[in-house]
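Enquirer: Fold the following and give me the result.
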Amino acid sequence: MENFDVTVILPLSSSKTRSFDELFDRSIKSLKNQQLKIKELLIVHSTEESLNNFLSNYDFEGLNVRLLKNEGLTDFSNQVNLGVNESETKWVSILEFDDEYSSIWFKNRSEEHTSELQSR
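Expert: As a prediction, this is how the structure comes out:
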């Protein structure tokens with residue numbers, strides 16, 4: 001399967017949110033089900049012990065995942081900014097743990113980009 005040169009940044013500050021496990025699992029499944037594979041999932045996370053344990057035991061099954069522990073400010077914007085600074089791909093996308101991508105999201109983004117370049 002072809003890769004799309006995108007890093008998906010998933011900022012996490014706590015696993016103590018209601019239904020965290022279920023919502024996180026659904027967001028990860030939405031990445032696994034993409035028609036066009038992403039290059040990297042970058043999880044920027046806090047030092048919360050329960051979150052670190054959850055992430056180290058989670059089966060990401062085939063996704064290229066990088067865990068980045070943020071020991072500084074862990075509000076949403078600081079987590080995202082750290083992820084953007086650490087990204088090495090042409091594109092970035094932000095996924096919150098309670099959101100999901102449709103299975104054609106990155107395929108459509110790739111096709112739009114290719115069409116735009118061809119029209120220039």
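Enquirer: Can you get me a residue count around the closest residue to Lys16 other than its chain neighbours?
Expert: Excluding the flanking residues, the one nearest Lys16 by CB to CB, 6 or more residues apart in numbering is Ser50, at 6.7 Å. Yep, even glycine has a C-beta here, placed from its N, CA and C like the rest. Using other CB atoms under 10 Å, Ser50 is surrounded by 11 other residues.
Enquirer: buried residues in the one helix or strand Ser50 maps to?
Expert: Per DSSP states H and E, Ser50 falls inside helix 49-57. By neighbour count on 16 or more other CB atoms under 10 Å, the buried set for helix 49-57 is 51-52, 54-55.
Enquirer: wait, doesn't the residue nearest to Lys16 sit right on Ser15?
Expert: Yes - counting by CB atoms under 8 Å, Ser50 touches Ser15, with 5.1 Å between them.
Enquirer: re earlier: look up how far Val92 lies from the residue nearest to Lys16.
Expert: Noted for Ser50: a distance of 27 Å to Val92, by CB to CB, to the nearest Å.
Enquirer: try Glu48
Expert: Counting by CB to CB - Glu48 and Val92 are separated by 24 Å.
Enquirer: what's next to the helix holding Ser50, contact-wise?
Expert: With contact meaning CB atoms under 8 Å, 6 or more residues apart in numbering, helix 49-57 is reached by 12-16, 20-21, 24, 43, 45, 67, 69.
Enquirer: now with 7 Å?
Expert: Here helix 49-57 makes contact (CB atoms under 7 Å, 6 or more residues apart in numbering) with 12, 14-16, 43, 45, 67.
Enquirer: All the strands of this protein, residue numbers only.
Expert: For the chain, strands defined by DSSP state E occupy the ranges 3-12, 37-45, 65-69, 91-94.
Enquirer: Tabulate these (JSON lines), appending mean pLDDT.
Expert: Below are these laid out as JSON lines (pLDDT from 0 to 100):
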{"stretch": "strand 3-12", "mean pLDDT": "95"}
{"stretch": "strand 37-45", "mean pLDDT": "97"}
{"stretch": "strand 65-69", "mean pLDDT": "98"}
{"stretch": "strand 91-94", "mean pLDDT": "96"}
